[in-house]
Each structure stands twice: as C-alpha cells, then as structure tokens.
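Undergrad: can you look at this prediction? I've put the sequence above it.
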Number of protein chains: 2
Amino acid sequence: LPEAVSTACFLPMNLNFTERLERAWDWSGSLLCIGLDPQTERLPDCLQGSERPFFTFNKAIIEATRGLACAYKPQFAHYAAAGRLDELEATLQLLRERVPEAICILDAKRGDIGSTAERYAKEAFDIYGADAVTVNPYMGGDTLQPFTNYGDRGVVVLCKTSNAGSGDLQNLALEKGGQLFEEVARLAATDWNANGNIALVVGATYPEELAQVRKWAPQLPILVPGIGAQGGDLEGTLRAGLRPDGKGLLINSSRGIIYASAGEDFAEAAAQAARELGEAINRYPGRVQR
Amino acid sequence: LPEAVSTACFLPMNLNFTERLERAWDWSGSLLCIGLDPQTERLPDCLQGSERPFFTFNKAIIEATRGLACAYKPQFAHYAAAGRLDELEATLQLLRERVPEAICILDAKRGDIGSTAERYAKEAFDIYGADAVTVNPYMGGDTLQPFTNYGDRGVVVLCKTSNAGSGDLQNLALEKGGQLFEEVARLAATDWNANGNIALVVGATYPEELAQVRKWAPQLPILVPGIGAQGGDLEGTLRAGLRPDGKGLLINSSRGIIYASAGEDFAEAAAQAARELGEAINRYPGRVQR
C-alpha cells in the first residue's frame, strides 16, 4: 500500500468524482464500504478511558482495513449526539492521509433551500473535506444543485431507504405510472445529474426496488446500506444492482464490521469481518466483468 | 416582560409541546418567528472584529425583539459552515434564559433511520436543548418516531417547501388522488402524530398548497418560511393558513428582520422590522378569533 500523502494533494484535481470512484473500486478490488458509526456504549473496554475514544477506535479500524474497502462512511449524527464533531473531522483527515484512494462519504442526509444548501455543501466538502455526502431529495432538484456544483465531489441521493417505513412515501404509486422512488431514480440519472456526480441510496432490504432503480439509472453508483445488522439480502443485492462491468455498487456494513469483537482484538476482528464480506461479494459470478 | 429564569426550569414540565406553543402565541400576541441565520459577510461592520460575532449579533437581536415574536428559528447550516456550532449552542441557551416563553426551533431538516434518528433527536433536544426541530419526511414515519417520542418537544415536518423546485417531488400527482405533499399533511395529522407534537412546513410562496394542507391538518401548527426575501404572499398565507381561532401559524422571516440595517443600529432596525411585520399580520381580519 502507498505511504501517507499530504492532505493537500489527496484529490487528484484532474479527476471527477466518477473517475475517482472507479479508481477506488479498481484499487481495492472491493465493493465494500465501511460505516464508521461509533457509539460510546459499544466501544471496546480498552478504549473507555481514552481522551478521543471515537477517533482512536476509527483509527485502529482504518489502519486494520486499509485496502479492504473502496469507501468509508462516517455517519454524522453519531458524532454530533456525542458532542464529538472534532473527532469526526480528525477521522476524515486521517482517511485522506492514510487511505487517499478510498472514497470518504459523509453520511449526513442534508437537504435545504439554495442559500442554506450552499452552507451544507460547504460544511461537508470544505469543513469536513468529504469526497461525497448523502442528501435527501424531498425538497427538489434545485436544492441538490449547490452540492452537485462541486464537480469533483459526489452527491449521494436517498432513493429507497432500508428502513421498514420507507414505503410510506417512497412506494406511493404515481398517477403517471411508477412509484415515487423510481421518479427519484429517473431524475437523478437525468435532469438532476448535469455534472455527472450523482449516486443513489437503495437499501439491501429491498432487492426488487434495487432492480427497478438499476433500470432507471443503468450507470449510477448505488450505495447499499442494510447488509448485516439490518438483515439485507447480499445475493439479491448483487443480482439486482451490479452493472455489467461487475461494479456500480458500494455495499455498506457498519455494525457487522466495527463491532465484530468487543475485546482488545476489535481492529483485527473488524478487518477479518471486512475481508469475509468483501470475499463473499467477490465470489458472486456477476462480479466478473461480462 | 419577565426577568431571566434559570435554564433548569425553562420548560414547564407539565406542558406538552402544543400547550407551550399556544402559550407562546398568547404571551407574544404574535405569529412571528424570527430566523437567526447569521452570515459572516452580512454582519454589521461594528461586529466584524468580535470574537463570537454570530452570538453577539444574535444576542443583540434577541434582546431587542423580546416579546415581539412567538418563536425563534436558528438555522443549523449557517453555524456549521462557519465552524461556529458553539455559538449556536450559546444562542439556544440565551433564548432559554432570556425568552423562555418563546419556542426555539432548531432548523436542521434531519432525517435518518431509527437508531441514527435517535442520535439526531438527542443532538437537537439534549445537546442543543431546542424546543422543536425541523425534519424531512422522505424516509417515512418510523424515522420520525425517535423525534416524536420526545413528547414535550415539537417535530416540524417538511410538507411543501418554499423553493422553486419543491414541486419536483412534492407536487407529483398520486394514483390514489391528491399530490405527495397532501399525503404528507394527511399522515402528519393522523398516523404519524400519536404524540400530538407534529407541526408542518409550508412555504409562503405557495398559498394554494397551504390551503390544501390546512384542510388535511385543520389543527396542526404550520411554520411558514418565505415571507420577505423569498417573495412570499403574506395575505394569501393568512387567508389560507389561519385556524378559526386566529392562530395556528408561525410566520418566519429571517433576512428581512436580521439584516434590516447593516449599521450600528442593526438591533433596533431588526426590532422595528419585527414590529412592522407582526403588526401587518395582526391587522388581518382573520387574526381575530371567530
């Protein structure tokens, strides 16, 4: 693996987001995204006295999993609720320094009107230096534009989320045909995607919807949460979501990896869990380019 | 006006959110909500050298407008993008101490799945101590529940937002009839509102939609942004949104009030602008209880 690079050059400036993501897939040989969602009460005992427990925990896991994942996804709320946003910032900086080839997705599910969305984009991309951020499409395409205007960063739009109640709105049938999540997929692949830097979120708990989304958005990267603790369907996800080139998915696991062990071996256990999930993904026949 | 109270007792513990809001309307005699959205480049010159410019700015405006508004609404992104979340926290604390009768709405437009939504609720209600928080309904009712579980706090659900592109999804016609924002209003008034602490957001730029929302949710408080800089329609808003008791709306103005003057008189100018807008609202015939 390459040595740490200076934070000043973590983004090859001539690459757009899609090119960087393709490189991350190729570099790691993996579709795995590791969710960095520390919770105080679930940290290993050996970290309970640490001054910066979230950062120390993440650092050990990042070091142990280098090269095993194409992406990392810290979830904003976990840090905010614990009053540890400084440790989120330190985690993103560490990712840039130690795993610059991987994509760092800030999972914050932002969304607001123009002038305010500009500030959320600035928060994600300038303050935290994330490569991509998750956003909520409910407010419409003009609220995504301040994010997509950052052409070298990715904008990951919620489409069909992994939770049980996601159908309340997302599966409503539209008068013109199709369901709401399909319209989001269609707009994300067309009207909203002028800068070519949009990706989608579809939960692994809904492989049928994932297949529909893949029809509307044949090329878009799709972030798939819900494998592991949420009981998502890995094989169904791969069957429904892989592109013909065997890529196109970012398959996220958080708790199944970072809490693989509560002992002092937590980082090695996380690496082992990441390796196993990565291999399970790569054993799927469709992972070979057709 | 009452003197400052200790922060420990800012919330009368026996009142639920709706009762507190009714008291805020009655106490202030106003439907006005003042948006506290400081931007470094728009602060008065006299504050440019200040160590905590956002807090100093807000403090002057809060002191000058005490009693003129039923609510204040700081917008999270403005503080986050400037790296000034500590000043957001100080602002909320000041509001609890100096204007405990008014409702403090943290405008953060949160939304995530269960375990993460719990953390966002903790962020808004425990870390920042807000009386209410804005949330995005796209992910479904189960993602709102961690917020509504705080029975003494309010959950302000996006319904029809003020921006030009809000129709992309919100105005989609549903197969079963009505448009998406109407379904949100219906669910917010029924299935999602088991704890009776939901309010809605409808932009002043869409009075026709506001009238529809009022039909689906006859009693719910409605937060109305878009008056002032965004060109919303005040009279149309009042005609469409007031309840028969002459209340039921939180009419927000941010830039029109806080940037009324860029000079040293900014706080007095803000108070004057707040007074004028509050009086314009109260002159509307429907403000008298029918």
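TA: It's in. Numbers count the residues shown, from 1 in each chain, chains lettered A, B, ... in the order given.

Undergrad: switch to C-alpha atoms for all contacts and neighbour counts from now on
TA: OK.

Undergrad: need the phi and psi values for the residue of chain A most remote from its centre.
TA: The centre of chain A is farthest from one residue, residue A:175, which by CA atoms, centre = their mean lies 32.1 Å away. Torsion angles at residue A:175 (phi, psi; degrees, to the nearest 10) stand at phi -60, psi -40.

Undergrad: give the contact list for it.
TA: B:172, B:173, B:174, B:175, B:176, B:177 (CA atoms under 8 Å, 6 or more residues apart in numbering or on different chains).

Undergrad: try it again at 6 Å.
TA: Residue A:175 is in contact with B:173, B:174, B:175, counting by CA atoms under 6 Å, 6 or more residues apart in numbering or on different chains.

Undergrad: residues contacting residue A:198?
TA: A:154, A:155, A:156.

Undergrad: ok, residue A:264 - how many residues close by?
TA: If you count neighbours by other CA atoms under 10 Å in any protein chain shown, residue A:264 ends up with 12.

Undergrad: ok, what's across the strand from residue A:110?
TA: Note on residue A:110: beta-bridge partners by DSSP bridges are residue A:135.

Undergrad: roughly how far does it sit from residue B:72?
TA: Residue A:110 sits 21 Å away from residue B:72, taking CA to CA, to the nearest Å as the criterion.

Undergrad: again with residue A:123
TA: As judged by CA to CA, residue A:123 and residue B:72 stand 23 Å apart.

Undergrad: between those two, which one's more packed in?
TA: Neighbours were counted for residue A:123 and for residue B:72 using other CA under 10 Å; residue B:72 has more, 25 against 20.

Undergrad: element containing that one, please.
TA: Using DSSP states H and E, residue B:72 falls within strand B:71-74.

Undergrad: show me what that strand is packed against.
TA: Judged by 3 or more CA pairs under 6 Å, 6 or more residues apart in numbering or on different chains; DSSP states H and E, strand B:71-74 is in contact with strand B:32-36, strand B:103-110.

Undergrad: could those strands be laid out in JSON lines, adding distance to residue A:18, mean pLDDT and mean neighbour count?
TA: JSON lines is the format used below for the helices and strands packed on strand B:71-74 (distance: least, CA to CA, whole Å; pLDDT from 0 to 100; neighbours: other CA atoms under 10 Å in any protein chain shown):
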{"stretch": "strand B:32-36", "distance to residue A:18": "37", "mean pLDDT": "98", "mean neighbour count": "27"}
{"stretch": "strand B:103-110", "distance to residue A:18": "27", "mean pLDDT": "96", "mean neighbour count": "24"}
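
Undergrad: reformat these as JSON lines; add distance to residue A:221.
TA: Below are these laid out as JSON lines (distance: least, CA to CA, whole Å):
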{"stretch": "strand B:32-36", "distance to residue A:221": "37"}
{"stretch": "strand B:103-110", "distance to residue A:221": "24"}
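
Undergrad: identify each buried residue in the longest helix along chain A, please.
TA: Secondary structure of chain A read by DSSP state H shows that its longest helix is helix A:266-283. By neighbour count on 16 or more other CA atoms under 10 Å in any protein chain shown, the buried set for helix A:266-283 is A:266-275, A:277-279, A:281-282.

Undergrad: out of those, which are close to chain B?
TA: Among these, no residue lies close to chain B (CA under 6 Å from any CA of the partner chain).

Undergrad: before we move on, back to that, the longest helix of chain A packs against which elements?
TA: Partner elements for helix A:266-283 (3+ CA pairs under 6 Å, 6+ apart): helix A:53-65, helix A:255-258.

Undergrad: which other residues reach that helix?
TA: Residues from elsewhere that reach helix A:266-283, judged by CA under 6 Å, 6+ apart: A:32, A:60, A:61, A:64, A:65, A:257, A:258, A:260, A:261.

Undergrad: okay if I get those residues as CSV plus distance to residue B:146?
TA: Formatted as CSV, the contacts of helix A:266-283 follow (distance: CA to CA, whole Å):
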residue, distance to residue B:146
A:32, 29
A:60, 31
A:61, 29
A:64, 34
A:65, 33
A:257, 25
A:258, 24
A:260, 26
A:261, 28
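
Undergrad: quick one: buried ones out of the residues you listed?
TA: A:32, A:61, A:64, A:65, A:257, A:258, A:260, A:261.

Undergrad: neighbours of the closest residue to residue A:16 other than its chain neighbours, how many?
TA: Spatial nearest neighbour of residue A:16, chain neighbours left out: residue A:152 (4.4 Å); criterion: CA to CA, 6 or more residues apart in numbering or on different chains. Applying other CA under 10 Å, we find 22 residues neighbouring residue A:152.

Undergrad: then residue A:139?
TA: A count of neighbours around residue A:139, defined by other CA under 10 Å, yields 26.

Undergrad: beta partners of residue A:179?
TA: Beta-bridge partners recorded for residue A:179 (DSSP bridges): residue A:173.

Undergrad: so it sits against residue A:167, correct?
TA: No: with contact defined as CA atoms under 6 Å, residue A:179 does not reach residue A:167; the gap is 9.7 Å.

Undergrad: okay, and the helix or strand of chain A with the least pLDDT?
TA: Lowest on mean pLDDT, DSSP states H and E among the helices and strands of chain A sits helix A:114-122, with a mean of 90.

Undergrad: the longest helix of chain A versus helix A:53-65: what angle between them?
TA: In terms of direction (axes from the mean of the first three to the mean of the last three CA atoms, to 10 degrees), helix A:266-283 departs from helix A:53-65 by 50 degrees.

Undergrad: any idea how far helix A:266-283 is from the chain center?
TA: Chain-centre distance of helix A:266-283: 17 Å, with CA atoms, centre = their mean, to the nearest Å.

Undergrad: let me see the mean pLDDT of that helix.
TA: In this model, helix A:266-283 carries a mean pLDDT of 97.

Undergrad: so where do the helices sit in chain A?
TA: A:17-28, A:53-65, A:76-81, A:85-98, A:114-122, A:145-148, A:167-170, A:180-189, A:207-216, A:234-241, A:255-258, A:266-283.

Undergrad: tally of neighbours for the spatially closest residue to residue A:35 that is not a sequence neighbour?
TA: Of all residues not flanking residue A:35 in the chain, residue A:254 sits nearest, at 4.0 Å (CA to CA, 6+ apart). Using other CA under 10 Å, residue A:254 has 25 neighbouring residues.
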